[in-house]
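Chemist: Structure of the sequence below:
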Amino acid sequence: MFFPVGSTSNSTIIQIVNDSGIEVTGLVASTFPTIEYAIAGPNAAVGITPVDLTLITSPYGAGSGVGGGVKELAFGYYRLDLPDAIFANQGLARILGGVSGKHVICPEIIVMNLVRSNDLATLSQISGQVLRGDQLQEPAQGIPPTTPTFEQAFMYLFMKLVRQVTFDKTDNFEKLFNNAGVVISKTLVNDDGTTLTRHPAVSGP
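Modeler: Predicted structure coming up:
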């Protein structure tokens with residue numbers, strides 16, 4: 001399970017099974033097995049005190065970021081509210097717990113930097129280019145931009161794959177053609193017998 005760094009009031013789903021691997025149902029806070037969390041690295045396990053939730057949709061557990069709220073969903077699966085301390089830094093964490101006849105199963109918790117709010121505009125711009133339904137336009141004849149848009153960068157790669165590219169031995173230029181057969185850019189290629197050099201592209205023809 002993935003969670004963003006610095007997030008709060010998180011919950012997860014755990015399963016509790018008996019010694020034979022069969023689900024244990026009907027547990028409440030007072031009958032829960034011992035539960036701890038452990039953050040990867042040289043860190044001691046920290047106890048989580050179960051607190052009964054009224055409903056599965058109840059607000060986050062005991063408050064103040066300590067977690068511990070528990071409520072059965074069904075078939076031995078339980079909601080468990082997690083302490084905010086788990087999410088203070090990037091890393092891995094495990095929920096540990098169990099006594100004889102009650103063993104806790106929980107996926108590993110992965111805390112990492114996910115999408116930041118100031119990245120959303122950039123992602124929106126890129127997705128708008130990728131997902132839009134209209135046709136992308138071939139770049140015009142000229143020097144390829146040093147800071148291309150997503151569309152420009154994609155189209156130069158696309159044209160390299162599917163459009164005509166020639167190497168003129170008379171002037172040592174590799175030439176990139178558009179769909180109309182016009183050279184839009186060309187690249188000087190030198191071979192001094194030791195090193196083959198492709199220079200930055202310039203405008204065609």
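Chemist: Report the helix or strand with the lowest average pLDDT across the protein.
Modeler: Here the helix or strand of the chain ranked lowest by mean pLDDT, DSSP states H and E is helix 120-131, holding a mean of 57.
Chemist: need the next SSE after that one, C-terminal direction.
Modeler: helix 150-162 (DSSP states H and E).
Chemist: What is that following helix packed up against?
Modeler: In this structure, helix 150-162 packs against helix 120-131, strand 173-177, with contacts taken as 3 or more C-beta pairs under 8 Å, 6 or more residues apart in numbering; DSSP states H and E. (C-beta placed from N, C-alpha, C; glycine too.)
Chemist: What strands flank whichever helix or strand comes after it, and is each parallel or antiparallel?
Modeler: As assigned by DSSP H and E, the chain's next helix or strand after helix 150-162 is strand 165-168. Taking DSSP bridges as the criterion, strand 165-168 sits next to strand 173-177 (antiparallel) in its sheet.
Chemist: what's the angle from the partner strand to helix 150-162?
Modeler: For strand 173-177 against helix 150-162, the angle by axes from the mean of the first three to the mean of the last three C-alpha atoms, to 10 degrees is 110 degrees.
Chemist: Pull the distance from strand 173-177 to the chain's centre.
Modeler: 38 Å (C-alpha atoms, centre = their mean, to the nearest Å).
Chemist: If you average the pLDDT over that strand, what comes out?
Modeler: Per-residue pLDDT over strand 173-177 has a mean of 93.
Chemist: residues of that strand that come out buried?
Modeler: 173-177 (16 or more other C-beta atoms under 10 Å).
Chemist: Could you export those residues to CSV, including columns for distance to T146?
Modeler: Shown next, in CSV, are the buried residues of strand 173-177 (distance: C-beta to C-beta, whole Å):
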residue, distance to T146
F173, 20
E174, 19
K175, 20
L176, 17
F177, 22
